[in-house]
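*Asks:* only geometry, no sequence info:
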């Protein structure tokens, strides 16, 4: 009898690209992916602002706001959502970001707060700004998840599918490449949002892009969490893990934004 064997993907990438001479400090793929994502996102926002007839100089200031909000929110999100007891007992460890620990949901909250402050500073509509930021957020998110893949972190549960990854730094079990799934759907989301903005920006109502971005992103994230191993011990035995519980408010917020946008559109079209 003929027996077919499945050839899985062996993933043994060193997370360090090289070590800086004299400093003995590694340059990591994760940091590089972050940097590339941010640079491309800033270039994209420059393009968007130019098309919208706004000053490209605003993008430099916006980048500082968003980067600061993202990092601060992601770190505090990890501290508060995943291991508050440890960090309350060791508060100085909150600053030890080099040891890892950034929560994407916290980063999203940080973006919402920092973009609100920037919108007030530049006197633009908050939802108008979020519509444009959602495009580049999807792009950056894709690169960040590639960084997670290079680090062999946020791995999936075991699988027998032929595209299963064997993360050699963890074990010899083929697993779902959950980080890669997120990277792919974030990239598709970026392409979709950018295409809609580029072709229909004069017709779509404010809040439409960010509303769909939030609903689609966190709905897919909710599903993807079923394919991941638990990130922290207390998630063991939970029906829904922390990532899924945190995704639900975002999905509801996106739905509310879309309903509000739809109502405003109907109100605008209603004859007086």
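*Replies:* Right, received. Where do you want to start? Note that the coordinates shown come from a computational prediction; the quantities given were computed from them, not determined experimentally.

*Asks:* so where's the chain shaky on pLDDT?
*Replies:* 1-6, 96-101, 264-272 (pLDDT under 70).

*Asks:* longest helix anywhere in it?
*Replies:* helix 242-269 (DSSP state H).

*Asks:* quick one, strands of the protein?
*Replies:* Remark: strands assigned in the chain by DSSP state E are 9-11, 16-20, 25-28, 165-167, 174-175.

*Asks:* return the most buried member of these.
*Replies:* Neighbour counts (mean count of other Cβ atoms under 10 Å) averaged over each of the strands of the chain peak at strand 174-175, with a mean of 22. Heads up, the C-betas are built off the backbone N, CA and C, glycines and all.

*Asks:* residues in contact with that strand?
*Replies:* 6, 8, 155-161, 164-167, 229 (Cβ atoms under 8 Å, 6 or more residues apart in numbering).

*Asks:* mind giving me the ChimeraX select for those, buried ones only?
*Replies:* In ChimeraX syntax, the buried subset of these is picked out as below (16 or more other Cβ atoms under 10 Å):
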select :8,155,156,159,164,165,167
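
*Asks:* report the two of the contacts of strand 174-175 separated the most.
*Replies:* Distance extremes for the contacts of strand 174-175: the farthest pair is 6 and 229 at 20.6 Å, using Cβ to Cβ.

*Asks:* for the longest helix of the chain, buried residues please.
*Replies:* If you call a residue buried by 16+ other Cβ under 10 Å, then helix 242-269 has these buried ones: 242-247, 250-251, 253-254, 257-258, 261.

*Asks:* what sits against the closest residue in space to residue 40 that isn't next to it in sequence?
*Replies:* Residue nearest to residue 40 in three dimensions, not counting chain neighbours: residue 139, with 6.2 Å by Cβ to Cβ, 6 or more residues apart in numbering. By Cβ under 8 Å, 6+ apart, residue 139 lies in contact with 37, 40, 41, 44, 186, 187, 190.

*Asks:* relative to residue 31, how far out is residue 139?
*Replies:* 17 Å (Cβ to Cβ, to the nearest Å).

*Asks:* and which of the buried residues of helix 242-269 is nearest to residue 221?
*Replies:* Among those, and counting by Cβ to Cβ, the member closest to residue 221 is residue 247, at 5.2 Å.

*Asks:* right, and that closest one touches residue 221 too?
*Replies:* Yes. With contacts counted by Cβ atoms under 8 Å, residue 247 reaches residue 221, the gap being 5.2 Å.

*Asks:* relative to residue 201, how far out is residue 54?
*Replies:* Residue 54 is 13 Å from residue 201, by Cβ to Cβ.

*Asks:* my bad, residue 164
*Replies:* The value you get for residue 164 to residue 201, if Cβ to Cβ is used, is 41 Å.

*Asks:* for residue 38, same thing?
*Replies:* For residue 38, the distance to residue 201 - Cβ to Cβ - is 23 Å.

*Asks:* who's more crowded, those two?
*Replies:* Remark: of residue 38 and residue 201, residue 38 carries more neighbours, 19 against 14, as counted by other Cβ atoms under 10 Å.

*Asks:* tell me who's in contact with that one.
*Replies:* 63, 67, 140.

*Asks:* ok, and the closest non-adjacent residue to the last one?
*Replies:* Counting by Cβ to Cβ, 6+ apart, residue 37 is the residue found nearest to residue 140 once chain neighbours are left out, at 4.0 Å.

*Asks:* try the second one
*Replies:* On the basis of Cβ to Cβ, 6+ apart, the spatially nearest residue to residue 67 that is not a chain neighbour turns out to be residue 38, at 6.6 Å.

*Asks:* what of residue 18?
*Replies:* residue 27 is the one closest to residue 18 (Cβ to Cβ, 6+ apart), at 5.7 Å.

*Asks:* thank you kindly, that will do.
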